[in-house]
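>>> Just a sequence and a predicted model for now, questions to come.
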Protein chains: 4
Amino acid sequence: MIITLKKNASKEEAQKIINQIEQKGLHVTVIEGANYNVYGVVGDTTVLDEKVIAANPAVDNVQRVAAPYKKANRMFHPADSVIDVSGVKVGGNEDIVVIGGPCSVETRESLFQIAEGVAAAGAKMFRGGAYKPRTSPYAFQGQGTLGVQWLTEVREAYHMPIVSELMSIDKLQEFDENVDLIQVGARNMQNFDLLKALGTIRKPVLLKRGLSNTIEEWIMAAEYIMAGGNENVILCERGIRTFEKYTRNTLDLSVIPIIKQKTHLPIIIDPSHATGDWRLVESMSLAAIAAGADGLIIEVHNNPECAWSDGAQSLKPDKFKTLIEKGRAIAKVVGRGM
Amino acid sequence: MIITLKKNASKEEAQKIINQIEQKGLHVTVIEGANYNVYGVVGDTTVLDEKVIAANPAVDNVQRVAAPYKKANRMFHPADSVIDVSGVKVGGNEDIVVIGGPCSVETRESLFQIAEGVAAAGAKMFRGGAYKPRTSPYAFQGQGTLGVQWLTEVREAYHMPIVSELMSIDKLQEFDENVDLIQVGARNMQNFDLLKALGTIRKPVLLKRGLSNTIEEWIMAAEYIMAGGNENVILCERGIRTFEKYTRNTLDLSVIPIIKQKTHLPIIIDPSHATGDWRLVESMSLAAIAAGADGLIIEVHNNPECAWSDGAQSLKPDKFKTLIEKGRAIAKVVGRGM
Amino acid sequence: MIITLKKNASKEEAQKIINQIEQKGLHVTVIEGANYNVYGVVGDTTVLDEKVIAANPAVDNVQRVAAPYKKANRMFHPADSVIDVSGVKVGGNEDIVVIGGPCSVETRESLFQIAEGVAAAGAKMFRGGAYKPRTSPYAFQGQGTLGVQWLTEVREAYHMPIVSELMSIDKLQEFDENVDLIQVGARNMQNFDLLKALGTIRKPVLLKRGLSNTIEEWIMAAEYIMAGGNENVILCERGIRTFEKYTRNTLDLSVIPIIKQKTHLPIIIDPSHATGDWRLVESMSLAAIAAGADGLIIEVHNNPECAWSDGAQSLKPDKFKTLIEKGRAIAKVVGRGM
Amino acid sequence: MIITLKKNASKEEAQKIINQIEQKGLHVTVIEGANYNVYGVVGDTTVLDEKVIAANPAVDNVQRVAAPYKKANRMFHPADSVIDVSGVKVGGNEDIVVIGGPCSVETRESLFQIAEGVAAAGAKMFRGGAYKPRTSPYAFQGQGTLGVQWLTEVREAYHMPIVSELMSIDKLQEFDENVDLIQVGARNMQNFDLLKALGTIRKPVLLKRGLSNTIEEWIMAAEYIMAGGNENVILCERGIRTFEKYTRNTLDLSVIPIIKQKTHLPIIIDPSHATGDWRLVESMSLAAIAAGADGLIIEVHNNPECAWSDGAQSLKPDKFKTLIEKGRAIAKVVGRGM
């Protein structure tokens, strides 16, 4: 950590800061400049809060050198983590995993119809929202427990682990018992109480990046779950909010090499929510595979124009099948199975 | 609602869409253009989901004319709402309310010291975080129930209603019983289960705008609480996330006239979190008053350089007092007390 | 175009607006709603300025249905445009074109050394900045006319058309005579006088997207050049400005399918400026090819740590060669040569 | 400047970097950490390009301590600069200056009508665009030289210095001879050739912040003009681009105290372009004054619904007059005349 002091800071003020830091077992070195004095702090700086130090009126600026995450940090865990989702392995050199299914669970009948197409197309896991985060209180809010029940029946019938979004701590047990991969949605990425609760179980978590969260904040959200003891975290990019209006969000594929460089966790891509438009899903999926993604999560619906939510971004099963076939050819070029 | 159909859409596809809409009791008018056909939908369009309609391959585009909110909408509720927070009135032509206090509750002793300065300066409510949303799992997470207890003791001693942030549904009862104004933080603005839970009680809610949420999404979050039956909502702007690096967030003061035009709810401003820098707090506070804000929520600490969180943005009590004095002079010019 | 009038607008005000529009040869249809009246305007709405109509106090809102561009619009020009850059064809089903070279032209000697590696790696065009847009007036500003001269010598020696950035109208003739593909940089994307000047010549133009320009504004910038008579425009995505700090900009690859859907122009990708980090260039290049890009423009330097600008994002020639080899394999999968 | 080296960097690589820096007359101090080594660079670091240093593969990170600007830097020029615009003084403790006028010069007649109202309301300068940066090539592009001529006639008649936007170097002489305050528009803030040209004259320049430029880039643009020898620069905030859709741009009023802290230059606010909506102009103007702005530039039109551009954001003269009256009362509270 680098602390820049104003040149007019008194010796007493400066010494006070040094003492505060050294009391925590860290060491401080001073570099005197013309207009500023710079203090380099050596040691485990994750115990320091830069905002607290910056509060000192003598301080001009505080900058971290080391990343604020430990458990997720590739530096201390060089090997890729491979997450086992009820038998389907994600990450490392394992096959690229495709997850398909509807945005929300609608009826038992439609769910089974979609699952049949998704399984036939070659997907390895099945997704469906039983609890839905909707912008409007007047929109369909999900089938709830009944939806979770139907998903477990789909798993039974088609042998695909199921992925579903947990929105609230009070459903933690329901999800731990029934769902194979528990999704934390973008809007809950910094719902810290939910993250802490997920740290107490051992079920794999699919952690979506928040709409306007930096990569560092996203890794810190993973760190919350891991610090609690649950190291089974898969990261998922689903687009960030920008000024652009032709897409719902802006898909940031550069996160793929960055997440692999900074952390040891798997990274999968959600092109459906990122673009909000099924016509962009195939090309963004192929791009994600070429860039090194460990998986894809894609919305599939037999009848998108009648979907109860997000139909505009859902692929029909035949287009989903074509996508997987093209994806396999790209995966082969980058040395991965799919 | 305006639906634009591609010119090559078949009559059958078009008729199917019309039927879907008319089944919900709405009326459709067609305008034939050279390259598109446009359908105008008349009636209560809040029952329609634009994304579902946009999913139809014949549809090029869907645009709302009417706002998607009803309870919060000024159009259907022309008079200003005045929210009563345990006797302190917020909104309408009531006095501009100043809320002061530390970012987080630290010790009982420091809390009382700060409260004394805050009360003496002229603040009408007291704030303090007992549960803290922290980016890092290794940072101080708040005093919890003990912190809430100390806040109630401050209320007793200094006769200021207390404001504190609720992060999780499982503390709803604790807050309903002990806190006067329940804050929903920026990171939980779209924690819809929390919003629904707050709709079931009658305590006033201070709803902060999310870091990258549009004004419309923010009003829709208020609509969630109000749709549940709790109409005691106060909105709070605390800065949005932009590319700028000299401030922590960008304070968007244009929300003040916009919120007053679109809704009947009070709007208060948090310049401390918006800027992240105590040196900017006074000027942004005066600006907010000049622009018509109904209140300010400001971080105050006796010893900012020793604060356990966010000290850099905290004012000392004497600076807070000066701010209130200057603020009163501005308030007078715009016809408000303070 | 859809114009929404406030319900309380008088008949006189409404009729005045209708008259204004009908005087321009357009036709207006009215849809009466409960809270608003909606006017649909049929005809060539590019002659209307929505901001002028929105200025009318009776108007609540104006929304375009048709795109504001004509020459660049795929709707009126269904076939892909293929741009001929001194014999190298870009767009349609032509081979994916790779452009390589240093950020800035430094010395004649280093330029020839880099060109040798770039040509040997398989690039089809050579890039180099002779005039440099630098954030600081104290940074190296480019070799100017001498740099352009050296570039023409490289073209002679290695038979690669040359690409260089034009920053000011007063160099238009120099560039028209010497450069094969004239680049408009991101910071000048809305330098409308420069765009108009480029419309008067016939040299191909490489139009970079501005740091925070929407896709629609970018196409409108192309429309400026094309409206002047120069239809030889190639679009280039180079990342947009977001809140993310781990990359210099956020590369928006979804523009590839969108540009192909909305326009008939070729689209190439600049992963070097987008990411600002050579370690991300290869994966983003492969992603761009998989997504359907018509070309890549990549910074190459023999000695990045001694580059006079932007060394951090430059590849060494051997890494550039590897990138092209991998890219060819991806290109084959998506049915393109490279 | 702080340079962080990877721990596995070799001594030779490290020494090479030190040598490079010390050759430029700077001094380097090393702090050895557990996972990184940190180098502090002392001296005039404006001669170093951080991107060039960051290009070294041994380097993990480079961070500036000192600001990259000198001429504009308050640290080296503690007193406020007061800019004299043909007798009207801007900055320091001078009166807050109000500039009014139409977005674009339309006809000679309408210009004089508007000028009469603007002068009567109490404005000290008159604005009007003779050359207009328009997103569409099919929109009105300005009256050009004729427009400049009419503006000079207005100055004669109403004794107000005139402000107009220069878009291209080839009109530099025309503006230097005829215009009192030369505006650089947001889209040209990083048109470096234009900035350099303005450095060669002595006319005051009104430098608008770019749509998505950081405050630091904005000050560096001022530095370009000042480095050329023209120190008569006034900064103008006109809103930045964010994700919000209810306003055209987001007005960032926190720039007022920041610009005053970092630089010695005057700062004025343009609420008309920032909001794009005349109904927001008054409240944002009063906020700007309360926050310490040195001036306002506001669009005024006698007949906004017939304006040839940007009517929606123009005030009628009577509303402009009211705004000035209210503004004076606020100015008085913050100790300024107006």
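Everything's here; your move. Residues are numbered from 1 along each chain as shown, chains lettered A, B, ... in the order given.
>>> Tell me how many other residues crowd the closest residue to residue A:266 other than its chain neighbours.
Nearest residue to residue A:266 in three dimensions, chain neighbours excluded: residue A:91, at 3.1 Å (C-beta to C-beta, 6 or more residues apart in numbering or on different chains). Just so you know, the C-beta spots here come from the backbone N, C-alpha and C atoms, and that holds for glycine as well. By other C-beta atoms under 10 Å in any protein chain shown, 21 other residues sit near residue A:91.
>>> and what of residue A:217?
Neighbour count for residue A:217, taken as other C-beta under 10 Å: 18.
>>> re earlier: the residue nearest to residue A:266 against residue A:234, yeah?
Yes. The pair residue A:91 / residue A:234 is scored as a contact, 7.3 Å apart, by C-beta atoms under 8 Å.
>>> which residues are in contact with both of those two?
A:83, A:265, A:266, A:294 (C-beta atoms under 8 Å, 6 or more residues apart in numbering or on different chains).
>>> ok, is the lowest-mean-pLDDT helix or strand in chain A in contact with chain B or not?
Counting by mean pLDDT, DSSP states H and E, chain A has its least confident helix or strand at helix A:50-54, which shows a mean of 80. Yes. Helix A:50-54 is in contact with chain B by C-beta under 8 Å from any C-beta of the partner chain, via A:51, A:52, A:54.
>>> distance of the last one from residue A:48?
In this structure, residue A:54 and residue A:48 are separated by 11 Å, where distance is defined by C-beta to C-beta, to the nearest Å.
>>> circling back: per-residue confidence at the residue nearest to residue A:266, what does it come out as?
Note for residue A:91: predicted pLDDT of 98.
>>> Please apply the same query to residue A:308.
On the pLDDT scale, residue A:308 gets 79.
>>> residues near whichever residue of the stretch 1-150 of chain A sits closest to chain B, how many?
Nearest to chain B, among the residues of the stretch 1-150 of chain A, is residue A:55, at 2.7 Å (C-beta to the nearest C-beta). Each residue near residue A:55 was counted by other C-beta under 10 Å, and the total is 24.
>>> what do you get for residue A:10?
Neighbours around residue A:10, by other C-beta under 10 Å: 11.
>>> quick one, what contacts it?
residue A:58.
>>> Residue D:194 versus that one, what's the distance?
Distance, residue A:10 to residue D:194, using C-beta to C-beta: 46 Å.
>>> got it, and residue A:293?
For residue A:293, the distance to residue D:194 - C-beta to C-beta - is 43 Å.
>>> and the residue of the stretch 1-150 of chain A found nearest chain C, how many neighbours?
As assessed by C-beta to the nearest C-beta, chain C sits closest to residue A:67 within the stretch 1-150 of chain A, at 10.5 Å. Residue A:67 has 20 neighbours, counted by other C-beta under 10 Å.
>>> residues contacting it?
So residue A:67 contacts A:73, A:75, A:216, A:219, A:262 (C-beta under 8 Å, 6+ apart).
>>> Name the SS class of the second one, please.
This points to residue A:75. Secondary structure state of residue A:75, per DSSP: H, G, I helix; E, B strand; the rest coil, is helix.
>>> and the nearest residue to it once chain neighbours are set aside, backbone torsions?
Setting aside the residues directly before and after it, residue A:75 is nearest to residue D:35 in space (C-beta to C-beta, 6+ apart), at 6.5 Å. Residue D:35 adopts backbone torsions of phi -110, psi -10, taken as degrees, to the nearest 10.
>>> Roughly how far does residue D:35 sit from residue A:73?
From residue D:35 to residue A:73 the distance is 10 Å (C-beta to C-beta).
>>> The top helix by length along chain A close to chain B?
The single longest helix within chain A, with elements called by DSSP state H, is helix A:317-333. No. If you take C-beta under 8 Å from any C-beta as the test, helix A:317-333 misses chain B, and the best it gets is 11.6 Å.
>>> How about residues contacting that helix?
The contact list for helix A:317-333, computed with C-beta under 8 Å, 6+ apart, reads A:96, A:98, A:100, A:114, A:117-118, A:120-123, A:278, A:281-282, A:285-286, A:289-290, A:296, A:298, A:300, A:302, A:315, A:337-338, C:290, C:326, C:329-330, C:333-334.
>>> is it true that residue A:275 touches residue A:313?
Yes. Counting by C-beta under 8 Å, residue A:275 does reach residue A:313; the two are 6.7 Å apart.
>>> any residues in contact with both of these two?
A:248, A:281.
>>> Now do the domain split for chain A, please.
Chain A breaks down by automatic domain parsing into domains covering A:2-63, A:74-333.
>>> and those, which is most packed in?
domain A:74-333 (a mean of 22; mean count of other C-beta atoms under 10 Å in any protein chain shown).
>>> and the end-to-end length of it?
Domain A:74-333 has an end-to-end distance of 26 Å (criterion: C-alpha to C-alpha, to the nearest Å).
>>> now do stretch A:174-184
End residues of stretch A:174-184 are separated by 15 Å (C-alpha to C-alpha).
>>> Where does the residue lying closest to residue A:224 once chain neighbours are set aside sit: helix, strand or coil?
Closest residue to residue A:224 apart from its sequence neighbours, by C-beta to C-beta, 6+ apart: residue A:195 at 3.9 Å. When classified by three-state DSSP, residue A:195 comes out as helix.
>>> same deal with residue A:3?
Criterion first, three-state DSSP; result for residue A:3: strand.
>>> Please name the residues that touch it.
A:17, A:38, A:39, A:41, A:53, A:59, A:61, A:62.
>>> Recalculate using a threshold of 10 Å.
Residues in contact with residue A:3 (C-beta atoms under 10 Å, 6 or more residues apart in numbering or on different chains) are A:14, A:17-18, A:21, A:28, A:30, A:37-41, A:48, A:50, A:53-54, A:56, A:58-63.
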